[in-house]
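Colleague: predicted model and sequence follow; I will ask about them next.
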Amino acid sequence: MKIIRKEEDVSNKESTFSKKKKQKKNPWGKKERFVIIGILFLTAFSSAILAISARSWKLPGFPKLKAPSFEFEKTYVYEKDIIKKSDENIEKIKEIFKKETNKLSGVYAFEVVLLDTNVVFGVNEQTKLQAASLIKLPVMALLYEKAQTGSLDLDYTYTLKNSDKKAGSGSLYSKPEGTKITYRNLAQLMGKESDNTAFAIAVDILGEEEIESFIKRVGMYETSLSENTTTPYDIGIFFKKLWSGDILNHQYKEELLNSLTDTIYEDYLPKGIPEEIDVSHKYGRELHVLNDAGIVRSEPPFVLVLMSEGIVESEAEKIFPILSRKLYQEITSLYKI
C-alpha cells in the first residue's frame, strides 16, 4: 500500500507539472514589446545624432542644421595626475566670473584650457561674438605655415602702397608709400601692434578663400573671416593646437608667440597676471567690443580667453584686469589641491 501511494504521488506531481508547463505565459507581452521597440528607437536616434554631429551638423545638399538645444557640460577632466580637483572648484571659477560680470552691460564670456591636459571649461564659451582683431590670429599662423612648407618666403620684401593703408591700430599706416617691409614684419606687426594695414596686406597675399579654409582646417568651425566672428571656444582651440605643435613646428610656433608677447596692449589680460610670467596674447577691440586672449606661460601653462560684446567700454576696461587676476589665482590653485 505504501508503494502504491508513492506512485500516485509521483503521478500527481507529474500531472501538476505538465499543467503548469502548458499554462506558462508568453514572455513577449505588450509591455515587453514596447520596451524593446523603445530601446531600438533610442539606439537609432542616437546613432543618427552622432552621425550628423560628426559632420558639424551638415548634410550634403542641405543647409547647416542647428544643433539640438540641450547642451552637455563642457568640463573635461582626464588622466593628468597634476590636476587634482573636483567639479566644485571649476564651478567656483565660473561663479566668480558670473558674479563680476552679471552686473555689467553686454555679454561677457571666457574660456580656459589647461594645456598639456584635456581640461576645458568656461562661461558663454560657445557664444558667437565679434572677433575684432582676434581674427588676425589664423592669418598670422597661415603666413608661418606657408613659410614652413616652403611656399612663402618670410624675408620677401613688400613695397607699401597708399591703397594698402587701413586706419586704426598699428604704425604702418603712418609710413610713406614705398616703405619696404618683409612678410615676417607683417606677421610681427599684427602681433605686437595689431596693425590693420599689415593685416590687410596679409589677407591680399594669402587670399580670403584660403584663409577661411585654414580656419576650418584648424578646427575653428564657428569662426568666419568675412563676418569677423568667432567664439571663445574656437580661440581656445587655436591656442591649444598652436601650443601642442599641431599647427606649426617649434621654430615658427615660438616666433609667432614671441610676436604676441610684450605688445603695446598690456593693460587688459596681462595686467592681472604676475609681471614675471610671460603672456602671449592677442588684443582686439571695436565699438562696444573688447577681447583679449592668449597663453599664460606659467608653470604649468594655460589658455585664457576673455571676450565681450555690447559692453560699455569703461566698464570692460576696468573689469578685464580684475577678471584675469581672479581667474589666474583660481586656475593656478587647481594644481595645488
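Modeller: On my side now, so go ahead.
Colleague: now the helices for the stretch 101-250 of the chain?
Modeller: Along the stretch 101-250 of the chain, the stretches classed as helices by DSSP state H, counting those that start in this stretch are 136-149, 183-192, 196-206, 208-218, 232-244, 250-259.
Colleague: can I get those in a markdown table with mean neighbour count, distance to Leu104 and mean pLDDT?
Modeller: Bear in mind the C-beta positions are built from the backbone N, C-alpha and C, glycine included. As requested, the helices of the stretch 101-250 of the chain are exported to a markdown table (neighbours: other Cβ atoms under 10 Å; distance: least, Cβ to Cβ, whole Å; pLDDT from 0 to 100):
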| stretch | mean neighbour count | distance to Leu104 | mean pLDDT |
| --- | --- | --- | --- |
| helix 136-149 | 22 | 26 | 98 |
| helix 183-192 | 23 | 29 | 98 |
| helix 196-206 | 21 | 28 | 98 |
| helix 208-218 | 15 | 30 | 98 |
| helix 232-244 | 23 | 17 | 98 |
| helix 250-259 | 17 | 31 | 98 |
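Colleague: does Met307 count as helix, strand or coil?
Modeller: strand (DSSP: H, G, I helix; E, B strand; the rest coil).
Colleague: so it sits right up against Gly284, yeah?
Modeller: No. Taking contacts as Cβ atoms under 8 Å, Met307 lies outside contact range of Gly284: 9.0 Å.
Colleague: so what sits against both of these two?
Modeller: Common neighbours of Met307 and Gly284 are listed as Leu134, Asn291 (criterion: Cβ atoms under 8 Å, 6 or more residues apart in numbering).
Colleague: would you map out the domains in this protein?
Modeller: Domains of the chain are assigned by automatic domain parsing as 16-70, 87-336.
Colleague: please identify the deepest-packed of these.
Modeller: Among those, domain 87-336 has the highest mean neighbour count (mean count of other Cβ atoms under 10 Å), at a mean of 18.
Colleague: and that one, how far from the chain's centre?
Modeller: 12 Å (Cα atoms, centre = their mean, to the nearest Å).
Colleague: contacts only, for Lys94.
Modeller: Lys94 neighbours (Cβ under 8 Å, 6+ apart): Phe121, Gly122, Val123.
Colleague: do you know how far it is from Gly245?
Modeller: Separation of Lys94 from Gly245 (Cβ to Cβ, to the nearest Å) stands at 30 Å.
Colleague: low-confidence regions, the stretch 1-150 of the chain specifically.
Modeller: For the stretch 1-150 of the chain, residues meeting the criterion pLDDT under 70 lie at 1-86.
Colleague: hang on, the earlier thing: and which of the contacts of Lys94 is nearest Ile181?
Modeller: Nearest to Ile181 among these is Gly122, at 37.2 Å by Cβ to Cβ.
Colleague: mind checking how far the nearest residue to that closest one once chain neighbours are set aside is from Glu145?
Modeller: Take Gly122 and drop its neighbours on the chain: the residue closest to it by Cβ to Cβ, 6 or more residues apart in numbering is Glu111, 3.8 Å away. Distance check for Glu111 against Glu145: by Cβ to Cβ, it reads 23 Å.
Colleague: how about Gln130?
Modeller: 25 Å.
Colleague: where does the stretch 201-337 of the chain have low pLDDT?
Modeller: Using pLDDT under 70, the stretch 201-337 of the chain drops low at 336-337.
Colleague: now with 90?
Modeller: Applying pLDDT under 90 to the stretch 201-337 of the chain picks out residues 299, 332-337.
Colleague: dump stretch 277-295 to CSV, restricted to CA.
Modeller: The C-alpha trace of stretch 277-295 is given here as CSV (Å, rounded to 0.1, in the frame of the first residue of the first chain):
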residue,chain,number,x,y,z
ILE,A,277,55.1,85.5,-16.1
ASP,A,278,55.0,86.0,-19.9
VAL,A,279,51.6,86.2,-21.6
SER,A,280,51.5,85.6,-25.3
HIS,A,281,48.2,87.2,-26.2
LYS,A,282,46.1,88.9,-28.9
TYR,A,283,44.1,92.0,-28.0
GLY,A,284,41.2,93.3,-30.1
ARG,A,285,38.5,95.9,-29.8
GLU,A,286,35.7,97.5,-31.8
LEU,A,287,32.8,99.7,-30.8
HIS,A,288,31.3,98.1,-27.7
VAL,A,289,33.6,95.1,-28.1
LEU,A,290,36.7,94.3,-26.1
ASN,A,291,38.6,91.0,-26.4
ASP,A,292,42.0,89.7,-25.1
ALA,A,293,43.1,86.0,-25.3
GLY,A,294,46.3,84.1,-25.1
ILE,A,295,48.6,81.7,-23.3
